[in-house]
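**Student:** model this:
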Amino acid sequence: MRTARLKKFLVGSIALFIIGVGLSAAPLTWFPGPSLNAPMSGAAAIISRGNNIVVGGDAYASYFYPVTYPLSLAATNSYWTSLSPYSGLNIAGGAVVSDGLFIIYGGTDGTISQNITIAYDPTGDPVPPLPKMQVARSYLGYAPDRNGNAFAFGGLDDSGNPLASAERLNAADTTPGWTYIASLPGPRYNFPAVFDRTNYIYIFGGLTDPATGVETDSVLRYTVNANTWSNMGSMPVAVAGSAATLGPDGNIYVAGGTSGGVSTNLVQVYNPAANSWALSTPLLESLSLAAIGVDSLNRLIVIGGVDDNGVDVADVWRTQQFGVPDSPPVITQVPTSKAIYLAAYSSSVIATGSPPPTYSLVSGPVGMQVDYYTGAITWTPQGLDQIGLNPVTVQAANYAGSSNYSFTITVPNPPPATPTNLTVVGVTESSVTLSWSPADPTAGAVTYSVWLQHVAHSPRGSGVTITYSQVGSSTTNTTFTISGLTAGSSHTYYVKATGPGGTSGYGVVSATTLPAPPPTNLHVTALTSTSITLSWDPPVGGFPIASYAVIGWFNGIAAQYPIGVANIPGTSITITGLASGTPMLWGVSARDTMGNVSAYDYLPNLVANPPPQSAVLSAPGISQPSGGFQFTVQAGSARTTFIQASVNPADPSSWVTIATNPPTADTFIFTDPDPTQFPARFYRVVSP
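**Tutor:** Below you'll find the predicted structure:
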């Protein structure tokens, strides 16, 4: 409610249950009903054509112009229907039904009490205007009598003063008008009034003094045909701003209000025949300034109001049907027994009974919830402990008894996720080792497999067909070694996981084997005008070497027909038949016993076979003190030179090579340590 005068009483809430001894009434069970279209308090409740109607209230106070939409609810509907609007605001006013018309009167317009009277035809037909009340009233008691007359009791006038006066509208007369009737014993406001459908109208509690704000517990009865007031048995708890209605059992139910300035959820039950009080099951929230009625299924219905925070609510609460014998719950629908890991599980337990049962979870997995009113079960299985069998017990209960339903929900292992963190953790010339993170334990016992992808276009132009072939066997390990690969080759592998719940997608990783190591230290050990001798060191690491191959590129350019020698068993070779003067780039590669061929190791420079040219003795021989003989040789160009000696130079076959000098164009000094062994020795230098 947005009226400042009453806000000071809404300073807290209190749940009041049983007070005194022997005051408990037959139990009620409260259930949520269809919510209002908007939060509302200070509305009046009437019944028209079997439907519950709320008129007035403060839901429309913020509109640009004063207008109110009456709301209608059929007992079997799950929503409220807005009726045609009428001009004006009636907050904390009154309303009755007379000859099919809604008679709406009094209340505030959001600022001040009014004496307005509105005749409203729910069919939309025009209605002649009705006269205004004798005095402006809001927070009044309102009720009809059996003749369709409208009554207004007490309330606050347009100056905010409490009223004791009362008046009646003879709405069905030819010339309707408001007339004063017997006043209340004293001023009173913010209370409900209830007609008992015979000859009495009762008013319950309320406030008498705005300064103190103290609720009263007094109950007054107005005798319609005698126009007199009588004091009746006081309420167990003094309240103001409550809602009251005549129940299907003939008792009057007074719900909510404030007590001691504090909101209450109390339901007090008055028996008019015995002039006695009892307490029944409280509301499920503290409310004041709510509306109340009985629907066509003989259920109490509490509508809107102000909660314990002073905020309007759209909540609607209904009881069980009156007049239906109590019966314990009987389970009529059971929930499904299968769930999916990490997926929302939704099912229901449904039971019949009177009152309608409420539901609770007796036992079940962590996170499961059961709707108290509908039996709807919601849960999202998660965590390793919720894989497998999950026993559940749900109870349906009412005041006549209870019934438990026990069942087991099976949650299978989910499919494993696509393997992640795929990494190459080891490579050799012929193998790669892959690694990945293990699957989540919820996937159960998981095996992993490694695959190669194949892309085909068959028939041509028909699009892409992708197939996979498995590499080796499946494994439970998170590492996998693929052997028998070619050195320096690249591969893309696809890894998937398979568990009880299915198979994952493919995780992808690429790997490249190490290249076969090449020979090293290629160098020229001999060079003539028509030949070259090359030597090298074996590769470092890798598999055993089966053979070597040498290649020579003319002018260092990859010609169509280079010189090549394959299947060389050792680490040196002499290549003959070369032409002098042509620069060549020489290289050597190795083939291992696994068939891997290395890259070429090349000489750092091009080498040209020199043209034929004799070396020159560039200085006379000199005898050494040790007995040796020494002389200087100039080769003339980079080539291999042979130092030969003979004791009979006339015999060509007598010349013996006593030294070989590597290819060089430098001048070098040769020393023969053995000349003393011969009576005479001749020397020559040969450059092939």
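**Student:** For the rest of this, base every contact and every neighbour count on C-alpha atoms.
**Tutor:** Noted.
**Student:** burial count for the residue nearest to residue 120 when sequence neighbours are not counted?
**Tutor:** Of all residues not flanking residue 120 in the chain, residue 102 sits nearest, at 4.9 Å (CA to CA, 6 or more residues apart in numbering). Per other CA atoms under 10 Å, the neighbour tally for residue 102 reads 21.
**Student:** Can you give the contact residues for the helix or strand hosting residue 102?
**Tutor:** Per DSSP states H and E, residue 102 falls inside strand 101-105. With contact meaning CA atoms under 8 Å, 6 or more residues apart in numbering, strand 101-105 is reached by 55, 90, 93-97, 115-122, 133, 150.
**Student:** Now which of the residues you listed would you call buried?
**Tutor:** The neighbour count (16 or more other CA atoms under 10 Å) marks 55, 90, 93-97, 115-121, 133, 150 as buried among the contacts of strand 101-105.
**Student:** ok, the nearest residue in space to residue 45 that is not next to it in sequence - how many residues close by?
**Tutor:** Leaving aside its sequence neighbours, residue 45 sits nearest to residue 54 (CA to CA, 6+ apart; 4.6 Å). Residue 54 has 27 neighbouring residues, counting by other CA under 10 Å.
**Student:** and residue 54, what element?
**Tutor:** Counting by DSSP H and E, residue 54 is part of strand 51-56.
**Student:** tell me the mean pLDDT over that strand?
**Tutor:** For strand 51-56, mean pLDDT rounds to 97.
**Student:** ok, it: who's next to it in the sheet?
**Tutor:** The pairing partners recorded for strand 51-56 under DSSP bridges are strand 43-48 (antiparallel), strand 71-73 (antiparallel).
**Student:** tell me the angle of that strand relative to strand 101-105?
**Tutor:** Relative orientation of strand 51-56 versus strand 101-105 (axes from the mean of the first three to the mean of the last three CA atoms, to 10 degrees): 30 degrees.
**Student:** how about the strands paired with strand 51-56, which one is nearest residue 292?
**Tutor:** Residue 292 lies closest to strand 43-48 among these, at 6.1 Å (CA to CA).
**Student:** that older thread, now tell me what touches whichever helix or strand comes after the strand holding residue 102 from outside.
**Tutor:** Next in sequence after strand 101-105, counting helices and strands by DSSP H and E, comes strand 117-120. Applying CA under 8 Å, 6+ apart, the contact partners of strand 117-120 are 86, 101-106, 127-133.
**Student:** what residue ranges in the stretch 401-550 of the chain are flagged as low confidence?
**Tutor:** 458, 460-462 (pLDDT under 70).
**Student:** can you pull out the helices in it?
**Tutor:** Using DSSP state H, counting those that start in this stretch, no helices are assigned anywhere in the stretch 401-550 of the chain.
**Student:** picking up where we left off before, most neighbours per residue, which of the strands paired with strand 51-56?
**Tutor:** Mean neighbours per residue, mean count of other CA atoms under 10 Å, is largest over the strands paired with strand 51-56 for strand 43-48, with a mean of 23.
**Student:** Restrict it to CA atoms and write it as PDB.
**Tutor:** Taking Å, rounded to 0.1, in the frame of the first residue of the first chain, the C-alpha atoms of strand 43-48 are listed here in PDB:
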ATOM      1  CA  ALA A  43      -8.400  -3.800  -3.300                       C
ATOM      2  CA  ALA A  44     -11.900  -4.900  -2.700                       C
ATOM      3  CA  ALA A  45     -13.000  -8.500  -3.400                       C
ATOM      4  CA  ILE A  46     -16.400  -9.500  -4.800                       C
ATOM      5  CA  ILE A  47     -17.900 -12.500  -6.600                       C
ATOM      6  CA  SER A  48     -19.700 -12.200 -10.000                       C
END
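**Student:** so how far is it off the chain centroid?
**Tutor:** 45 Å (CA atoms, centre = their mean, to the nearest Å).
**Student:** Just the mean pLDDT for that strand, thanks.
**Tutor:** pLDDT averaged over strand 43-48 gives 97.
**Student:** neighbouring contacts of it?
**Tutor:** 52-58, 90-97, 100, 289-293.
**Student:** Same question for stretch 166-178.
**Tutor:** By CA under 8 Å, 6+ apart, the residues outside stretch 166-178 that reach it are 98-99, 130-134, 147-154, 179-184.
**Student:** Recalculate using a threshold of 10 Å.
**Tutor:** By CA atoms under 10 Å, 6 or more residues apart in numbering, the residues outside stretch 166-178 that reach it are 97-99, 101, 103, 117, 119, 129-135, 137, 140-145, 147-155, 179-184.
**Student:** Buried subset of those residues as a ChimeraX selection?
**Tutor:** Filtering the contacts of stretch 166-178 down to the buried ones (16+ other CA under 10 Å) takes a single ChimeraX command:
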select :97,98,101,103,117,119,130,131,132,133,134,135,137,140,141,142,143,144,145,148,149,150,151,152,153,154,155,181,182,183,184
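**Student:** For residue 361, which three-state class applies?
**Tutor:** Put simply, residue 361 is strand when judged by DSSP: H, G, I helix; E, B strand; the rest coil.
**Student:** can you pull up the bridge partners for the residue nearest to it when sequence neighbours are not counted?
**Tutor:** In space, not counting the residues next to it along the chain, residue 361 is nearest to residue 394; the distance is 4.7 Å by CA to CA, 6+ apart. Applying DSSP bridges to residue 394 yields these beta-bridge partners: residue 361, residue 405.
**Student:** Look up how far residue 203 lies from residue 272.
**Tutor:** Note on residue 272: its distance to residue 203, by CA to CA, to the nearest Å, is 12 Å.
**Student:** between these two, who's got more neighbours?
**Tutor:** Legend: neighbour count by other CA under 10 Å for residue 272 and residue 203, higher for residue 203 (21 against 18).
**Student:** for that one, what are its contacts?
**Tutor:** Residue 203 neighbours (CA under 10 Å, 6+ apart): 141-143, 153, 191-195, 218-222, 232, 244.
**Student:** What sits closest to it if chain neighbours are left out?
**Tutor:** Nearest residue to residue 203, sequence neighbours excluded (CA to CA, 6+ apart): residue 193, at 4.3 Å.
**Student:** Can you get me a residue count around residue 667?
**Tutor:** Burial measure for residue 667: 16 neighbouring residues, criterion other CA under 10 Å.
**Student:** correct me, but it touches residue 641?
**Tutor:** No. Taking contacts as CA atoms under 10 Å, residue 667 lies outside contact range of residue 641: 11.3 Å.
**Student:** list the contacts for residue 323?
**Tutor:** Contacts of residue 323 (CA under 10 Å, 6+ apart): 248, 249, 297, 298, 299, 354.
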